[in-house]
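In: Prediction below, plus the sequence it came from.
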Amino acid sequence: MYLTENPEDRISIVQMNSELQRAQLELISAHCATHELRLRFSTENLARYGRRDVLRKSIETASALSDYYSSIEQQIPAEEAVSAPAAGLNENHTLQAIECVSSYLREQRERYLPLAAPLSKQHQARMCPYFSAALLYQVKVVERHGARIPNPPFYAEAKALGFVSLPDIPHMNSLTFLDVLVFNEGLMERSLFHALVHAVQSQVLGLERYTELFVRSFVNTRYHFLVPLEAHAFFLESKFALPVVEKFSVEDQVRLWAEQNRY
Ligand SMILES: [Zn+2]
């Protein structure tokens, strides 16, 4: 599919979306870095002691980005715009959603486990500076090569409750069903790293706590990438993708965030 009829100017929609996705990942990294700043320093101190040139450049960039994306948002048809969950959403709905998601994760694990293979020696070696040998030995992977995982059946009900920005499962790079990692396409290093972070989170927190934190944050933020469990996975993934990266323990980072109640 192309954006124009002109053969000279055929930019594919697929290419556009892959560039959009790359920009989105960088924005999430920026969001996480700013979130760290917000947690550690007051805005008064930043305004008073922050380096003027760095501060001005950051403010300018953030404003320009906000203007740009708002101009796109204004052109999205009204019926697609993100709406707040229905006011009738209550604690019972949230508890039901937590139950639905944790059963879904457990069922999908059982479903994909018979099709899963151990992580190759090569991938184990690549991920060894960040994850425990025990975890790398335990996890199993499935590559779907385009046979995408469908959205779960409970999405229809969630949409009826007003959640229109649910993560689109068939278009996600990977899904972590506890210790079974499923890739909609082939396994790429960066998405393997991301999926492994979720495996660590679910082990450190336990499935029930992991699901509860995920669902409650999603109810509050309405965007899956703003859920701290997700934002942390993107943040660590972007650290892993840096050209020069030091060894670090994902498990230590996850335990730290859990102890500091940042999830
Ligand atoms: Zn994720």
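Out: It's in.

In: can you list the residues of this structure near the ion?
Out: Residues of the chain found near the ion (Cβ under 5 Å from the ion) are Glu230, Ala233. From N, CA and C alone the C-beta is placed, and that goes for glycine too.

In: where exactly do the helices run in the chain?
Out: Remark: helices assigned in the chain by DSSP state H are 13-40, 43-49, 52-73, 91-112, 121-127, 133-138, 155-160, 189-205, 207-221, 228-240, 250-259.

In: right, so of those helices, which gets closest to Phe177?
Out: helix 91-112 (4.0 Å; Cβ to Cβ).

In: so how far is that closest one off the chain centroid?
Out: The chain centre lies 18 Å from the centre of helix 91-112; the measure is Cα atoms, centre = their mean, to the nearest Å.

In: Output the helices of the chain in CSV, with mean pLDDT and mean neighbour count appended to each entry.
Out: As requested, the helices of the chain are exported to CSV (pLDDT from 0 to 100; neighbours: other Cβ atoms under 10 Å):
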stretch, mean pLDDT, mean neighbour count
helix 13-40, 79, 13
helix 43-49, 92, 10
helix 52-73, 92, 10
helix 91-112, 92, 16
helix 121-127, 96, 14
helix 133-138, 97, 14
helix 155-160, 84, 13
helix 189-205, 96, 21
helix 207-221, 92, 18
helix 228-240, 91, 21
helix 250-259, 95, 16
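
In: Would you mind giving the ones you listed as TSV with distance to Ser174 added?
Out: Shown next, in TSV, are those (distance: least, Cβ to Cβ, whole Å):
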stretch	distance to Ser174
helix 13-40	14
helix 43-49	36
helix 52-73	26
helix 91-112	12
helix 121-127	13
helix 133-138	15
helix 155-160	19
helix 189-205	4
helix 207-221	16
helix 228-240	10
helix 250-259	15
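
In: residues touching the residue sitting nearest the centre point of the chain, list them.
Out: The centroid of the chain falls nearest to Glu230 when counting by Cα atoms, centre = their mean (4.0 Å). Neighbouring residues of Glu230 by Cβ atoms under 8 Å, 6 or more residues apart in numbering: Phe214, His224.
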